[in-house]
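J.: Could you look at this predicted model? Sequence included:
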Amino acid sequence: MISRSGYVSTLPARVQAAIAKDQLLCVMRQVVQLCADYLIDFNVSSRCHYETIKDSFAKQFKLDELHHDSLLDVFKQKLSRRIRELRNRGSGNGANNKQCSKKLNWDANRYDDGDEDDIKAPSTSTLIYIDTNADLKKFVIQLNDSYENNEMKTGKTSQLIVESFRVRRAYLTQVGQSMQQILNEMPFTKDLNFIKVDFELITKCSLKNAAGKLKNWVEHAVHSGIYGDLPDENKYEELLLRVCTRIGKRYRNILHREEITGDEYEFDLQKVLDKDNICPLLYSVTLVQRQFYYITFGNQILIQFENDEEDFPVVLSTLLALFYVFDVVFPRTYKSLLEIIDYFALSNDETKLKQLTVTAQAIIVEFNKKN
């Protein structure tokens, strides 16, 4: 029943009457429970999804967004909490609930067990949506062709990315497919040039600028000595690991380092991923005095930096960009750390601190006091 015209289920007459009399707060619990029971069968996971549901709810029941803004925010927060509770209990009405719950965000393929064919199969509903949307279908075909023909760096393709932006973003927010489905249907989304353009369209900040802000963060940390003496070599990696240690030792697992020396001049990361399916998002490989970086998703290499032209802040900002481009939430395992990276790369806004986890707030406040 989720469609572009309605995102909430039909409510009982008495509940609708209460909302019409401006008594939403009195029936908030029933509204949230009914909507959560209905929406759990769908892949509602990102902030954009919840904003869309909130706006649709306001429109459906003719709530003035200015007058009811705080109540609508309460509705959105309670709905998000209720859906999480139901998913944690494995609850839901539809037969596909188990499948949907494994496809909520970046965590899906990395930490949950599931049928491999089920995880990698494109969603029928999303393929139908593409087929019935002529503009989107045209753009997807053209961009996939550009990706297959190694033409993503051309000005023509960049223009195509810009022209297709609104249609693609509407698709992500309305259909709510998983990250794996996006990769299957739109392979061009893992191209670094696409990510650079799309990230700037979304955030109004270039990837280069975000990387520059992360470099400034490191330089200030070196100057203040807040994390101790950082080595000149690999100081960016070292800072990340020391911040991870401040948050919790398990966070250090976000980065895995490999150093290949002597006659071991070959390294196949894919074999490691296929064998262990371990959880780092980033791999740093030193091979014959050259540095290589990889961003991984589940048991696949998402982006490979094949030369050492891109330094670690660029890799970090690219990792951050992926969450914006794919419209997925930060994985719970590394949420606080990614919030810190996001803060220093993009916002650096004190007013937004309260929206972050307590752990992220503490690290940022401590840093700001010494710089």
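T.: All right, it came through fine.
J.: Using the record, which stretches count as separate domains in the chain?
T.: What automatic domain parsing lists as the domains of the chain is 13-101, 120-202, 207-369.
J.: Let me have the ones you listed in a markdown table, extended by mean neighbour count and mean pLDDT.
T.: Placement of C-beta: from N, CA and C, glycine included. Conversion of those to a markdown table gives the following (neighbours: other Cβ atoms under 10 Å; pLDDT from 0 to 100):
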| stretch | mean neighbour count | mean pLDDT |
| --- | --- | --- |
| domain 13-101 | 16 | 75 |
| domain 120-202 | 17 | 81 |
| domain 207-369 | 16 | 81 |
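J.: Now residue 257: which helix or strand?
T.: Using DSSP states H and E, residue 257 falls within strand 255-260.
J.: just checking, what packs against the helix or strand following that strand?
T.: The C-terminal neighbour of strand 255-260 among helices and strands, as given by DSSP H and E, is helix 269-276. Secondary-structure packing of helix 269-276 (3 or more Cβ pairs under 8 Å, 6 or more residues apart in numbering; DSSP states H and E): strand 290-297, strand 300-305.
J.: Tell me which of those strands lies nearest to residue 348.
T.: Proximity to residue 348, assessed across the helices and strands packed on helix 269-276 by Cβ to Cβ, is greatest for strand 290-297 (23.5 Å).
J.: The closest one packs against which elements?
T.: When contacts are defined as 3+ Cβ pairs under 8 Å, 6+ apart, strand 290-297 packs onto helix 269-276, strand 282-287, strand 300-305, helix 312-325.
J.: In contact with residue 169, which residues?
T.: For residue 169, the contacting residues are 202, 327, by Cβ atoms under 8 Å, 6 or more residues apart in numbering.
J.: cool, and residue 365?
T.: So residue 365 contacts residue 353 (Cβ under 8 Å, 6+ apart).
J.: measure it to residue 151 for me?
T.: Distance of residue 365 to residue 151, given as Cβ to Cβ, to the nearest Å: 46 Å.
J.: How about residue 346?
T.: From residue 346 to residue 151 the distance is 30 Å (Cβ to Cβ).
J.: same check, this time on residue 340
T.: Distance of residue 340 to residue 151, given as Cβ to Cβ: 36 Å.
J.: try residue 167
T.: Residue 167 is 20 Å from residue 151, where distance means Cβ to Cβ.
J.: and if you look at residue 294?
T.: Distance from residue 294 to residue 151, counting by Cβ to Cβ: 23 Å.
J.: sorry, back to before: next, format the helices and strands packed on strand 290-297 as JSON lines and append distance to residue 194.
T.: Formatted as JSON lines, those follow (distance: least, Cβ to Cβ, whole Å):
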{"stretch": "helix 269-276", "distance to residue 194": "22"}
{"stretch": "strand 282-287", "distance to residue 194": "20"}
{"stretch": "strand 300-305", "distance to residue 194": "11"}
{"stretch": "helix 312-325", "distance to residue 194": "8"}
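J.: and residue 215, that's in a strand?
T.: No: secondary structure assignment (DSSP: H, G, I helix; E, B strand; the rest coil) places residue 215 in helix, not in a strand.
J.: Correct me if wrong: it contacts residue 314.
T.: No: counting by Cβ atoms under 8 Å, residue 215 stays clear of residue 314, with 9.4 Å between them.
J.: what's residue 198 in contact with, if anything?
T.: Contacts for residue 198 (Cβ under 8 Å, 6+ apart) come out as 161, 165, 321, 324, 325.
J.: if you set the cut-off to 10 Å instead, what comes out?
T.: Shown in contact with residue 198 (Cβ atoms under 10 Å, 6 or more residues apart in numbering): 161-162, 164-165, 168-169, 189, 191, 207, 321-322, 324-326.
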